[in-house]
Structure formats: C-alpha cells, structure tokens
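Novice: I'd like to go over a predicted model; first the sequence, then the structure.
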Amino acid sequence: MQGATVATYDFIFNGLGLREWCGESVRSGPMTMADLLARGAAPAEPQTGFDWGALWSLPFPSLDELHKACAEIPRSRDLTRSLEAGFLNVRESLRFVLDPMTQPLSWALENALHVAVNTPWWLMLMALLVVVWLAGRSAALVGLVAAVMGFLLFVDHYVFAMQTLSIIFVCAFLCVVMGVPVGIAMSRSNRFQRLMIPVLDMLQTLPTFVYLIPLIFLFSVTEPKLYGIAIILYAIVPVIRLTDLGIRLVDKEVIEAAEAFGMTRHQKLIRVQIPLALPNIMAGVNQTIMMSLAMVVIASLVSAPGLGVLVLRGIRNLELGVGLMAGLGIVLLAVILDRVTKAALARVNAAASVARH
Amino acid sequence: MMDRQVSIAIRHLYKIFGANPVRALEHVRAGTGKDALMAQHRHVLGLRDINIDMRAGDITVVMGLSGSGKSTLIRHVNRLIEPTAGEILVNGENILEFGETRLRELRRKQMSMVFQHFALLPHRTVLDNIGLARSVRGERRADFERDALHWLARVGLGGQEGQYPHQLSGGMQQRVGIARALTSNAPIMLMDEAFSALDPLIRTDMQDLLLELQTELQKTIIFISHDLDEALKLADHLVILKDGSVVQQGEPQEILLKPNDPYIVDFISDINRARVLRVRSVMDRAPETIPQVAGTVDVDATLESVIALSGGDTALSYAVRNRDTTVGYLNMQSLVRALVPTQAPRHGNRKQEKAQPAASGPAA
C-alpha cells in the first residue's frame, strides 16, 4: 500500500539527488490520522495529460507532506514532541534556578492565606475598613466595602473571598514592587523599551492557560507559587506599561527645571519623575489588581484556593447555584477593589497634577 | 558700562540638529543657509556662529521670532543642550569641557533659570518650590526657609508659602518661579520667555519687578523674548537673532537709531519710538552755540516725557543733566527727527522682505 502511494513532493528529493539520504520511505513512528485516512481511500488511477484535479488538491509542502516523500524529514508532531522533550531536558536546571528564587512567593502566599483565614472575621473586617479609609478617605466607600463584606459573611462565602483577596494582595504587591523599576528602566532607555514592548505584548496576549502548562511541569501543583507566578506574569504588564508611559509624559519643562537646578538622575527620579508620574502609575496598579482578580479565578485550575474553586465546582458538577453565587462574589470583590483603587488614584490626582499652567 | 567684566562669553557657537551634525557643520561653514541645509541635507540649523559677550550685572536680551534659535541658545548656557561646535566661557572657563560633576556644581551654584510655563513642581508647596535649588544642594528646609520667605515676600507673595502652585494664578506662579531663581543665590539668571505666557498688564508688572530687583541685585541676566517692547525695556545689551544667526547686537538705543538690516527695520517699525528712545541717545553733547534752555531734563528720560514737558513746542531746547552735571543739550527739533522711522517706505520694505527672503538673509 505505502509503496504504491506516490507522494506529491517526491520530485524535490529525486531532483536534488537526496533519495539515498532519505532511505526507504519506511515509517518508524506511529501513523498520523492522515495516514490512516489515506489507507482507507482507493489508490489513485494513473492519469495522462495535465491533471487539474491534482492541482486543485495540491497540498502545501508542510512537514507532514515532505515526510511522505522523505522519511528523514520530521513530521510536525515530532516538532511538538521535541519541544516537549527540550523543555523536559532543561526542566531540572530551570527548576534548580527558579525554585529557590520563587520560594519566597510560596511563603508569602501561604502566610497571607493563613492570616486571612485564621484571623477572626471581625478583626479582619475592621482592618480592611481602616485600609479602605486610608486609601480613599471616603465614608461612602467604607460603607460600600462593609456592605459587600457583610453580604459575603452572611452567605458563608467569606473564607473563599478572603482567600481570593489575600492572593490578589500578595500578587499585586509583588507586581508593583517588580513592575515599577522595570517601567522606570524602560522610560530611561529607548532600547530597553523596544526590547520590552514585544515581551509585554506577548505576556498580555498569550492565552492564560498557556502560562499554566509549562508552570505545571516546573513546579508541583501543590505549591502556591505555581499560581502565584501565573498571576504575576499576567498582571504585571499594566503597571510596567503605565510607569513607563507616566514617566515619559512628565512635563518636559519641569524636567528641564530639575536639570537646570543641578539635580542628579536619582534626585530627578525621586523628586520629580515618580511623583508626577504617580497618577499613571496608580492607574497601572488599578489595572494590575483587576487583572490579578481575573487570573485568580483561572488559577484555581492549578489549586489556587478562593472563589474560583467554587466556580470550578459549578462547572465540573453542573452546580448552577454554586457557580452563580461564587460569580456574584467575584463581581462584588471586583467592584470594591476597583472603587478603592480609583478613590486612591483620585486623591493622588488631586494632589499631583491639577492644571499645570 | 565698559568697566564691567564679561561674565559669559559665547564664541563661534554652532548647533545643528539631525543625524550627522558634524558633517552638516561643514556645509554650514561653507555658507549653506538654513533652508538649503534642510532641503539638501535634512538637518536643522539651530545656531550659526554666535558670538556674544554678556557682562556681569547686565541684562542681555536675546530677541527673535519663533524658530530663530533663541530658546536653543539659552539652553546652551547651562548645557541643557550640547552645541555642535564653539565655546561657552563662564568667568573665563569653557564650560563645555566640564565633566558631569563640575557641570552640576555650575548649575547648582552659578546659574538659576526661569521658564516660560513656570515649571514648578505641582506636588510641592510654594515654599518647597522656592527652596528647590537649595534643597537640591542638600540643604535642609530650616536652612533655606528664611531666605525663601524673604524672596517670596520680595516678589509680592508674602504669606502664600503653604499654597500649591495650581492654587495660584499664572502671574503669581511666575513670581514663585522668580523667587525660586533668586533663592538659589546664583549670580547668573537665565530667563526663557519668562513673561511671554502672562497677560499684558501682568507682564508689565513683572518687567517692573525684574528691573527693580535688578537695580538692587546686579545679577547677570540672560533674557529671551519675542516681544520687542519688552526687549527694549529690559535690555542693557540687545541681541537680535534670525534663523539662528545674530543679525545685530548692541545697546538697544543704538539698534533703534541705526538698524543695519531690513529685518530689524521691519521689526522696529511698529514700536513707539518716543517711549523707548532716551534723551542720552539724541542729545547734542557739544553744541556749537549753547542754546537758550527752557529747563532741564534727565539724561535717561524718555523722549515721550520730554514731549510732555514741552507741551509739543518744537522751538524749545533743554539742558540735559546727569545727576548734577550738565552733559549736553537737547533740541526739540532733533528730538522730532529721531522719531522719524529709520527707512521711510517701511511697508515697501516689508514687502521686499517677503518677496526676496534670500536677499535679506544673514549670509550677507
């Protein structure tokens, strides 16, 4: 059967005199689906003259097609397989480097979860409200947060919500700690900016599940850092972008004034650029927190605790009510996180950048 | 005037913007003009062979229309912009040879700057803004607070130190900008279109304030302006820039009476000459016969004030006094003659200027 099949691109290898190199077209690997289908089909009738039908169904010289003509050419499934093998090969050394580096993340997440769940609810609630007051200085906002948390307590979703919140706090905090310096570096060097923009674009557009696959190979699913890293990679982008943008948007004349009065680069950064870029940086923090929340739900696939677990249960077991309730909880969390960070942003705006001229 | 030392000397300064300014410089030195350089070599001619001596204690006004390179020029003095070629001597030292540390010292201790749009820090109070130069040097607020409050009061904003810049009007913000420059105690002040963003009335106030402060402080001031009235009012030394070249420089009265370029004639045709010209520029120092005098006038009085004094009578003469000595005589007829615009058909001149820009170019 196989001997009878004439592959479309045989002529290339014959023409180049590579037939010897290709060897017999004996396939060692398992068959592809296309091979199986071809096996079922009737052998083609030999035709004379120009074959329009063959042209119509001319396949692209892809790896699989070329493999048909020459066994030495790998199939595309071999490509994915070697990607996997390659990753598995470097896995141990990657883990050797990344494991200790990311261990603090695991500790931070474990501790945050421990504190959030084991602190008495009334103490936690008070602490939260104080934080909200400090961030927004608005009684209405404190009232909103109290109402939302009260509702979550009332419907027994409090523990899940606190788990979600504590993961977000830890991850967003780390995003800011790492993202702001990267953004500053980007604003200082056009070359570094050109280098980083494709990386950031990739992080932002790569489907979130794609992050998870290599991470699962690298770390054990029981470790919190697995989802921590996934959340940070996804959520760090806006704070980096907006720090870069914010610093680049600082009034050029003010920068000139800073230089004209003899500021060093460091003084300029601390005294002028960061304060004036703060509204944009805060907008980035707001986005980062919202994206952490989006990711924390997906991260429950890899054992992140919190409301996402309930959503997942709703999907797996078709428990509609559980899923909807958890979804409502997530929406409420999103609302308060957004409002609180926006209120903080508005306060920064009022202090920093009202009517320059 | 001549006894004052040269504080800042600019020598053969060139600035070309573009990918390869050093090569473009050769073309400029060979005589390529601004438009030709842009068209043939894709480089912008910023400044071309600038030579200016600025004396200590003088206000040197650099005037020109937008695009003439005046803001570029002032930024060379503290090296916010690096020149393509030339020298800038401050107290005899070429600052272009300074390393980063010395340049920073120069900016911190020798120079202060006032900006067109004030460039105050919006997140700091007026007091902190005024003390900027001092705090950059590492002084604590307690060290400069007294000075800062003194200068704040001196510019007429006493009691506003706790405000934020956005709570002040434009004129008040620029007063803060001036107080900031004064608090630095630097002998050189760079003022880049400092009053251009202000309303005309406030601008006049600020000019008076600057002149008043200057009689007391005797700083070396470089003032950039596009407003001829302002330039004539403030300048001890006036430099007129066009397309990156100096068209004429000298004492303002001198430029007004003897403009050497159609561009300047065009410029000065609209101003009130009587208000700008002073008695010393038109008086007769040693008349053949001492005329019958109707009174005395001060050597620095404007012609406008003399006209008011005479009530328009052109037959009169006045003795000109500098303090208590008579230094010359002023005949009302020569006064009126000085008011005649330099070249009579000035509208024709203006047309010619537009029709043949190449002919009146700075290459001549």
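Specialist: Now that the structure is in, tell me what you want to look at.
Novice: what does the stretch 101-250 of chain B have sitting close to chain A?
Specialist: B:104-109, B:111-113, B:115-123, B:132-133, B:136-137, B:164, B:166, B:170, B:184, B:190, B:197 (Cβ under 8 Å from any Cβ of the partner chain). In this view, the C-beta of every residue, glycine as well, is placed from N, C-alpha and C.
Novice: buried ones among those residues?
Specialist: Buried members of these, counted by 16 or more other Cβ atoms under 10 Å in any protein chain shown: B:104, B:106-109, B:111-113, B:115-123, B:132-133, B:136-137, B:164, B:166, B:184, B:190, B:197.
Novice: how about the contacts made by B:Arg275?
Specialist: By Cβ atoms under 8 Å, 6 or more residues apart in numbering or on different chains, the contact list for B:Arg275 reads B:302-304.
Novice: try 6 Å this time
Specialist: B:302, B:304 (Cβ atoms under 6 Å, 6 or more residues apart in numbering or on different chains).
Novice: where does it fall, helix, sheet strand or coil?
Specialist: When classified by DSSP: H, G, I helix; E, B strand; the rest coil, B:Arg275 comes out as helix.
Novice: how near is it to B:Lys233?
Specialist: Counting by Cβ to Cβ, to the nearest Å, the gap from B:Arg275 to B:Lys233 is 9 Å.
Novice: returning to what we had before: just the ones of the residues of the stretch 101-250 of chain B next to chain A in strands?
Specialist: The strands, defined by DSSP state E, take in B:111-113, B:190 from these.
Novice: what's the closest of those to A:Thr208?
Specialist: B:Met113 (50.3 Å; Cβ to Cβ).
Novice: so what's the closest one up against?
Specialist: Taking Cβ under 6 Å, 6+ apart, one finds A:260, B:190 in contact with B:Met113.
Novice: bridged to it, which residues?
Specialist: Going by DSSP bridges, B:Met113 is paired in beta bridges with B:Leu190.
Novice: A:Gly143: how many residues sit nearby?
Specialist: Number of residues near A:Gly143 (other Cβ atoms under 10 Å in any protein chain shown) recorded here: 12.
Novice: what does the one 4 residues further on give?
Specialist: Neighbourhood size, A:Ala147 [other Cβ under 10 Å]: 12.
Novice: which of the three states applies to it?
Specialist: With three-state DSSP as the criterion, A:Ala147 reads helix.
Novice: A:Trp21 versus the residue in the stretch 51-200 of chain A that chain B sits nearest to, what's the distance?
Specialist: Per Cβ to the nearest Cβ, A:Asn190 is where the stretch 51-200 of chain A lies closest to chain B, at 15.2 Å. Between A:Asn190 and A:Trp21 the computed distance is 48 Å (Cβ to Cβ).
Novice: can you tell me the helix or strand for the nearest residue to B:Leu217 once chain neighbours are set aside?
Specialist: Excluding the flanking residues, the one nearest B:Leu217 by Cβ to Cβ, 6 or more residues apart in numbering or on different chains is B:Leu182, at 7.5 Å. According to DSSP states H and E, B:Leu182 maps onto helix B:170-183.
Novice: tell me which strands and helices the helix or strand harbouring B:Leu152 is in contact with?
Specialist: Here B:Leu152, judged by DSSP H and E, is contained in helix B:141-154. In this structure, helix B:141-154 makes packing contacts with helix B:126-130, helix B:170-183, judged by 3 or more Cβ pairs under 6 Å, 6 or more residues apart in numbering or on different chains; DSSP states H and E.
Novice: and residue 287, helix, strand or coil?
Specialist: Let's take chain A. helix.
Novice: could you do chain B instead?
Specialist: coil.
Novice: which residues touch it?
Specialist: By Cβ under 6 Å, 6+ apart, the neighbours of B:Pro287 are B:Tyr329.
Novice: swap in A:Thr222?
Specialist: A:Thr222 neighbours (Cβ under 6 Å, 6+ apart): none.
Novice: separation between it and A:Ser303?
Specialist: 6 Å.
Novice: low-confidence ranges, chain B, go.
Specialist: B:1-3, B:342-364 (pLDDT under 70).
Novice: centre-most residue in it?
Specialist: Geometric centre of chain B, nearest residue: B:Val61, 1.3 Å, by Cα atoms, centre = their mean.
Novice: list the buried ones in whichever strand or helix holds A:Asn280?
Specialist: A:Asn280 is located in helix A:274-298, with elements delineated by DSSP H and E. Buried residues in helix A:274-298, counted by 16+ other Cβ under 10 Å: A:274-293, A:295-298.
Novice: spatially central, which residue of chain A would that be?
Specialist: Using Cα atoms, centre = their mean, the most central residue of chain A is A:Tyr234, at 3.0 Å.
Novice: which residues does A:Phe13 contact?
Specialist: A:19, A:22, A:69-70.
Novice: give me the distance between it and A:His67.
Specialist: For A:Phe13 relative to A:His67 (Cβ to Cβ), the value is 11 Å.
Novice: one more: A:Leu109?
Specialist: 46 Å.
Novice: sorry, back to before: export the helices and strands packed on helix B:141-154 to JSON lines and tack on distance to A:Gly53?
Specialist: Below are those laid out as JSON lines (distance: least, Cβ to Cβ, whole Å):
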{"stretch": "helix B:126-130", "distance to A:Gly53": "82"}
{"stretch": "helix B:170-183", "distance to A:Gly53": "81"}
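Novice: write out the residues of the stretch 201-350 of chain A neighbouring chain B.
Specialist: Proximity of the stretch 201-350 of chain A to chain B, by Cβ under 6 Å from any Cβ of the partner chain, involves residues A:253-254, A:256-257, A:259-263, A:275.
Novice: could you redo those as TSV and give each row secondary structure, pLDDT and distance to A:Ile240?
Specialist: As requested, these are arranged in TSV below (DSSP: H, G, I helix; E, B strand; the rest coil; pLDDT from 0 to 100; distance: Cβ to Cβ, whole Å):
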residue	secondary structure	pLDDT	distance to A:Ile240
A:Glu253	helix	92	26
A:Val254	helix	94	23
A:Glu256	helix	94	26
A:Ala257	helix	94	27
A:Glu259	helix	94	25
A:Ala260	helix	94	30
A:Phe261	coil	94	30
A:Gly262	coil	93	30
A:Met263	coil	94	25
A:Pro275	helix	92	19
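Novice: drop anything exposed from those residues.
Specialist: A:253-254, A:256-257, A:259-263, A:275.
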